[in-house]
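In: sequence unknown, structure follows:
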């Protein structure tokens, strides 16, 4: 069983829709990362969070440590948000990273 | 500009011919790491380094070597590449480990072994 599960695997939305991507993990963690991989392959870090909620522009990330669950929300989605979104956790406080399989988001105009 | 630089970005090589993928960061980060990304398997960690002369195996270290002689550089060495090492490789760094710090990724290196 993968230690980091993401859902959905693929998501197609119309421009302007509210998007939610979920991540569940089974290992104990001190922080969780949300990453964005552009169609060209490059990866950027969106959020690193260990509790509560973080917001950056139209992106919001939340985490519930007790339930071992995190969500990434995109408000007023735009075609430029089309990318693969990946959650990642360092296993047990170490630096051996575990990644979700990614969610491929396509936002249509 | 803060960045992680990998070279080469694209490489086609033959089985058994040693190659090195270089990685350099200009942010004075202590932590550096290598990952490979394969369709259906996602990102997997190969090796990581907490500081100079300190390296540890990740999930899939077989067939790879690394060294950390200087803080800024963390090369990935394939002593005898095989076709199953055809993949997209990413180098990354952060201030002090990935547990609680933002990770910065290189642009990726597409490696094909024939």
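Out: Cool, the structure landed. No experiment lies behind these values; they were computed from the predicted model shown. Numbering: from 1, shown residues only, chains lettered A, B, ... in the order given.

In: ramachandran angles for residue B:2?
Out: Dihedral angles of residue B:2 (phi, psi; degrees, to the nearest 10) stand at phi -70, psi 130.

In: and it, how far from residue B:102?
Out: Residue B:2 is 10 Å from residue B:102, where distance means Cβ to Cβ, to the nearest Å. Placement of C-beta: from N, CA and C, glycine included.

In: who's more crowded, these two?
Out: Neighbours were counted for residue B:2 and for residue B:102 using other Cβ atoms under 10 Å in any protein chain shown; residue B:102 has more, 15 against 10.

In: need the three-state assignment for the more buried one.
Out: When classified by DSSP: H, G, I helix; E, B strand; the rest coil, residue B:102 comes out as coil.

In: now do the SS call for residue B:84.
Out: In three-state terms, and counting by three-state DSSP, residue B:84 is helix.

In: how about residue B:69?
Out: When the rule is three-state DSSP, residue B:69 gets the label coil.

In: show me the contacts for it.
Out: Residue B:69 sits next to B:52, B:53 when contact means Cβ atoms under 8 Å, 6 or more residues apart in numbering or on different chains.

In: what's the distance between it and residue B:9?
Out: 23 Å.

In: what's next to the lowest-mean-pLDDT helix or strand in chain A, contact-wise?
Out: Ranking every helix and strand in chain A by mean pLDDT, DSSP states H and E puts strand A:97-99 at the bottom, with a mean of 86. By Cβ under 8 Å, 6+ apart, the residues outside strand A:97-99 that reach it are A:3-4, A:25, A:27, A:86-91, B:33, B:35, B:42-45, B:48, B:58-59, B:98.

In: mind listing the strands the following helix or strand past that strand pairs with, and their directions?
Out: Next in sequence after strand A:97-99, counting helices and strands by DSSP states H and E, comes strand A:103-108. Within its sheet, strand A:103-108 is paired with strand A:10-14 (parallel), strand A:83-90 (antiparallel), according to DSSP bridges.

In: for residue A:106, find the nearest of those strands.
Out: Residue A:106 lies closest, by Cβ to Cβ, to one member of the strands paired with strand A:103-108: strand A:10-14, at 4.8 Å.

In: interface residues of chain A facing chain B?
Out: A:29-31, A:33, A:35, A:41-45, A:48, A:50, A:86, A:88, A:90, A:93-102 (Cβ under 8 Å from any Cβ of the partner chain).

In: neighbouring contacts of stretch A:35-50?
Out: With Cβ under 8 Å, 6+ apart, stretch A:35-50 has contacts from A:30-34, A:54, A:56, A:59, A:61-63, A:65, A:70, A:72, A:82-88, A:102, B:88, B:90, B:92, B:100-105, B:107-108, B:110.
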